[in-house]
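**Q** I would like to see how this sequence folds:
(one chain, ligands or ions: 1)
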Amino acid sequence: MSAIESVLQEKRVFPPSAKATSGAAISGMDAYKALAAEAERDYEGFWARVARETLTWHKPFTKVLDESKAPFYTWFEDGELNASYNCLDRHVEAGRGNDNAIIFEADDGTVTNVTYQDLLERVSRLANALRKRGVKKGDRVVIYLPMSVEGVVAMQACVRIGATHSVVFGGFSSKSLNERLVDVGAVALITADEQMRGGKALPLKSIADEALAAGGCEKVKDVIVYRRTGGKVAWTEGRDVWLHEIVENESATCEPEWVSAEHPLFILYTSGSTGKPKGVQHSTAGILLWSAQTMKWTFDMKPGDIFWCTADIGWITGHSYIAYGPLAIGATQVMFEGVPTYPHAGRFWEMIDRHKVTIFYTAPTAIRSLIKVSEADEKVHPKSYDLSTLRILGTVGEPINPEAWMWYHENVGKGQCPIVDTWWQTETGGHMITPLPGATPLVPGSCTLPLPGIMAAIVDETGQDVPNGQGGILVVKRPWPSMLRNVWGDPKRYQTSYFPEELGGKLYLAGDGAVRDKETGYFTIMGRIDDVLNVSGHRLGTMEIESALVANPMVAEAAVVGRPDDTTGEAVVAFVVLKRTRPEGDEAKQIATELRNWVGKEIGPIAKPKDIRFGENLPKTRSGKIMRRLLRSLAKGEEITQDVSTLENPAILDQLGEAR
Ligand code: PRX
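**A** This next block holds a predicted model:
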C-alpha cells in the first residue's frame, strides 16, 4: 500500500516538448488515441496492417490470429519469413550495406565498427558452418557468450538456418548452464574461452566443460569456441572447435531457411515462483514484429539516430533490443562489453559522448548506483561530459523511484529528453506499457499507458476489473503477437502459470501488482505478487534459491525473501536452519560466506543472498506453511505486529532478526 500512496502523491507532470513531438512516429496524444482506437475497432486488421508494413514476408500470411486452441494462440501462421533476412539482407539489398549496424566498444575501450554488409557476411559464414556440422531447422543451440559481436552473429546465424537458440547469461554457473542444456535438448553449444569484464578475464569455457561433464547433454555434438582473450583452455578433440577456424573457408552467402511465422525463434529461461526456471518459447514473427515496431514507436528511432541498450544479450532486453529490434529496422547501435564502473564510473557518459548516442536505454539499478558515485566525485558526474546528442532516455527491468527518475531527467537528459519507462517481461517479448516520447505527458515513476494493440488491465483475484485508484493484478486481456507461445516442454505449466483458471483461464497473468491513476488512467507497477524477486532488474525465484541452499549438506531448511534495497531494488535475504546446532559469532559469519559462495556456484553470483540468518527453526503455521510475511518483516527489520501466538518457539524470532 505504501507504494501506491507514494506514487499517488506524485504530482509532477512533464508534457512532451514541441521538439519531441515534431516529426515523432506517434506525435501527440491524438495520434496515440487514434492508433489505440484502430486496434480496439478491428484487432486483427490492426495487427495484420502492422505486420505487413514492418516485416518482409517470403510468403504472405492469410490468417491473422487463431484462437481455436486457446491459450495456445498462433499469429500469421501460414506466413513464411526469416528473421535474419529481415535483420540483414533487406537493408543490404536496399543499398545500406555500408551503414554501421554495431559500434562495439570492448572492455578496454577498443572500438570496432561492423557494417550491415560485414554482419551479413559473418552471420552467413557461421550459418554455413553450423549447417555443415549438421545443425538443422528445429534444432536447439545454446549460446553462452559474453557481450560481443559474436554473440549477435551466433544468434542470427542460428535463426538464419531455422535453428532455435537459447542464450544463457554468461554469469550463470555450470549447474544452471547444465540444466538449460538438458532441458532444451541442445545439439551444439557456442561459447568463448573467457570474457572480459572490468579489466578481469573470467572463465567461460571451463564452466561450459563442467556443465557438459555434469551429464544429460550427450546430444551436444559440437562446442564452438570464440577466442576472446587467448587464455588457456582445456580441449576435447572431436567435440571442441574454434569459431574462427570453422568459418575461415565458408562462403559469405547463405540461403536463409524460410520458416513459418510461428517457428520458435528462441527459448529463454526465466525464473518463476515454483520449481526450475522455465523455458519461455517465442515465435519468429512475433518477436521480430514487435521489437521492430516498438523501436519505432517507443524509441522513435529515425535515420541518423544512434541507439544504445546497455542490457546483456543473456536477458530478454538484449534479445529484443540488441539482437533483433535495432537490426530489423536497420538502425545503428552501440554495444558494450564491459561494466559501467570500469575504468571509472563515468564510463556510460563518456561512451554517450564518444559515440554521439541519441537514444539511451538502461536499468534503474544502474542509474541508482551511478547517482551515488557521481554525487561524490565530479569527474564521473554526467555534467563532466557532452551529452547534448541525447534525445530520448529509457529504463527497464524494475520500478524506477521518482528520485532516480528526476536525477536521470535532470542530469543525463538536461531536462530535455523524455524518459520512456518501459514495462514488459521476458514473456511479453517487447514493450507493453510505456510512454511515447512525442506524445505522453510523463509522470515520474509511472509507465503510463499501454501501447496501441495491448489490452492491459487491472483485475481482482476473481478476474473482475477494479476501478482506477484501486490496486490489483496486472493482466492482458487479449493475446498479442510477441507473447510467449509455450513453456518449453511443459504446456501445462504455460497454462497454469499464465492463464490460471481462477481468473477465468483467458487473461494473461503478468505476476505484477499495479494501480491506475484515478484521473489519467496511468499505470504504476507495484512489483511482483508471486514468489519472484527482482534484484538489479534480474528475476530470481525464491524457490530456486531455497533449493540451492538445501542442496548444501549442512542445510536442513531454508526460506528466502526479498528486502527493499537502495541500489539493487530488492536484496536476497535467506533464513537458514542447519542440520547441526545454530552457529553464532565468527562461525556463523564463516558459514554464511560458505553458503553465499555455494549459491553462487549453484545458480550464479547474482543469486547470492545479501543476508543470511540462522535459526533453530523457521516460523510456520500449524499446517506447516512457512510464514513468509513474517520473514519479510524480519528481513526489513520491522517490528512484528502479526499474530505469532501459533508459533511453537517464539524465541526464534529473535534469532532470525539478526543479520549476518
Ligand atoms: O516486475 C516487473 C519488472 O520486471 C519483471 C519482468 O522481468 P524480466 O522477465 O526479467 O524482464 C525484465 C526486462 C523486460 C516484471 O514482471 N519490470 C520490468 N520492467 C518494469 C518492471 N517493473 C516496473 N517498471 C518497469 N518499467
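**Q** report whether the helix or strand where Ala574 lies contacts the ligand.
**A** Using DSSP states H and E, Ala574 falls within strand 569-578. No - counting by CB under 6 Å from any ligand atom, the ligand is not contacted by strand 569-578; separation bottoms out at 8.9 Å. Using the backbone N, CA and C atoms, a C-beta is placed for each residue, glycine as well.
**Q** the spatially closest residue to Asp305 that is not a sequence neighbour: neighbour count?
**A** Leaving aside its sequence neighbours, Asp305 sits nearest to Thr358 (CB to CB, 6 or more residues apart in numbering; 4.6 Å). A count of nearby residues for Thr358, using other CB atoms under 10 Å, gives 21.
**Q** Thr358 is in contact with Ile306, isn't it?
**A** Yes - under the criterion of CB atoms under 8 Å, Thr358 makes contact with Ile306 at 5.2 Å.
**Q** what residues are shared contacts of those two?
**A** Both Thr358 and Ile306 are contacted by Thr389, under the criterion CB atoms under 8 Å, 6 or more residues apart in numbering.
**Q** and Gly394, what helix or strand is that in?
**A** strand 392-396.
**Q** contacts only, for the residue nearest to Asp305.
**A** Applying CB under 8 Å, 6+ apart to Thr358 gives the contacts Gly304, Asp305, Ile306, Phe307, Thr389, Leu390, Arg391, Ile392.
**Q** find the nearest non-adjacent residue to Gly171, please.
**A** Gly604 is the one closest to Gly171 (CB to CB, 6+ apart), at 4.9 Å.
**Q** what's the one you found in contact with, if anything?
**A** If a contact means CB under 8 Å, 6+ apart, then Gly604 has Phe169, Gly171, Phe172, Ser173, Ser176 as its contacts.
**Q** tell me the confidence at the residue lying closest to the third one once chain neighbours are set aside?
**A** This points to Phe172. Spatial nearest neighbour of Phe172, chain neighbours left out: Gly604 (4.3 Å); criterion: CB to CB, 6+ apart. At Gly604, the model reports a pLDDT of 95.
**Q** any idea how far the ligand is from Gly604?
**A** According to CB to the nearest ligand atom, to the nearest Å, Gly604 and the ligand sit 14 Å apart.
**Q** SS state for Arg354?
**A** helix (DSSP: H, G, I helix; E, B strand; the rest coil).
**Q** pass me the low-pLDDT residue ranges in the stretch 551-660 of the chain, would you?
**A** Applying pLDDT under 70 to the stretch 551-660 of the chain flags residues 658-660.
**Q** can you map out the strands along it?
**A** Assigned by DSSP state E, counting those that start in this stretch, the stretch 551-660 of the chain shows strands spanning 555-565, 569-578, 611-614.
**Q** CSV for those, including distance to His431?
**A** Below are the strands of the stretch 551-660 of the chain laid out as CSV (distance: least, CB to CB, whole Å):
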stretch, distance to His431
strand 555-565, 25
strand 569-578, 19
strand 611-614, 34
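**Q** deepest of those strands, which one?
**A** A comparison of these by mean neighbour count, using mean count of other CB atoms under 10 Å, puts strand 569-578 on top with a mean of 24.
**Q** now the angle between strand 555-565 and it, please.
**A** Put simply, strand 569-578 runs at 160 degrees to strand 555-565, going by axes from the mean of the first three to the mean of the last three CA atoms, to 10 degrees.
**Q** list the helices and strands strand 569-578 packs on?
**A** Identification of packing neighbours for strand 569-578 by 3 or more CB pairs under 8 Å, 6 or more residues apart in numbering; DSSP states H and E yields strand 532-535, helix 542-550, strand 555-565, helix 585-602, strand 611-614, helix 628-636.
**Q** dump these to CSV, plus distance to Ser291.
**A** What follows is these, written out as CSV (distance: least, CB to CB, whole Å):
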stretch, distance to Ser291
strand 532-535, 22
helix 542-550, 28
strand 555-565, 30
helix 585-602, 32
strand 611-614, 38
helix 628-636, 36
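**Q** tell me the phi and psi of Ser173?
**A** With angles defined as degrees, to the nearest 10, Ser173 sits at phi -80, psi 170.
**Q** where's it relative to the ligand, distance?
**A** Distance, Ser173 to the ligand, by CB to the nearest ligand atom: 18 Å.
**Q** next, the contact list for that residue, please.
**A** Contacts of Ser173 (CB under 8 Å, 6+ apart): Ile207, Gly600, Lys601, Glu602, Ile603, Gly604.
**Q** got it, and Leu484?
**A** Val280, Gln281, His282, Thr426, Glu427, Thr428, Gly429, Tyr494, Tyr498 are the contacts of Leu484 under CB under 8 Å, 6+ apart.
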